[in-house]
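Q: structure for the following, please:
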Amino acid sequence: MQFDQQMHEKMARLDPRDTNMDGIVSPQEAAAYVQEYMRTASPEERNQILRDYIGGMSPDQRQGMGDAIVRSPANPVQTVDHTDDSSLLDAFNRTAQAPAQPQGPSPLEAAFGQGGALSNPMVKAGLVGLAAAIGSRMLRR
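A: Purely as a prediction, here's the structure:
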């Protein structure tokens, strides 16, 4: 994936309320973008954007994201307390930075991929919203 200005602009235009994903970007693209950002951003920048984003999530979105993370068998995270910002932040960080399995998706893509947690519109909106927040922040640099 090319992590460049054009991709930041595409992600910044996302509307997190667009849960039917009508062609702007797929949840899988959002997951790949978020993972690439997590790999390349400084720990401080990564934690700040995640803290800001997680802090603005509804309890249902937080629970959906936490459930999606622990449900994936490819994921190194087995438990997460969705009511605790630090627990959710750590779980997301560890998931997003975990390496892909040979010939398979990354743990983040598996957690939010087809047939997984993306059947939950709240989770889909959360992931796409995070991609939009990252894209927007990267454009303001």
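
Q: and the residue nearest the centre of the chain, how far is that from residue 57?
A: Ranked by distance to the mean C-alpha position of the chain (Cα atoms, centre = their mean), the top residue is residue 127 at 4.3 Å. Distance of residue 127 to residue 57, computed by Cβ to Cβ, to the nearest Å: 11 Å. For glycine as for every other residue, the C-beta is placed from the backbone atoms N, C-alpha and C.

Q: rewinding a little: wait, the residue nearest to the centre of the chain sits on residue 32?
A: No: using Cβ atoms under 8 Å, residue 127 is not in contact with residue 32, being 10.9 Å away.

Q: for the closest residue to residue 39 other than its chain neighbours, what are its contacts?
A: Using Cβ to Cβ, 6 or more residues apart in numbering and skipping the chain neighbours, the partner closest in space to residue 39 is residue 97 (6.4 Å). For residue 97, the contact set (Cβ atoms under 8 Å, 6 or more residues apart in numbering) comprises 35, 38, 39.

Q: buried among those residues? Need that as a selection in ChimeraX.
A: A single ChimeraX command is used to select the members of these judged buried by 16 or more other Cβ atoms under 10 Å:
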select :35,38
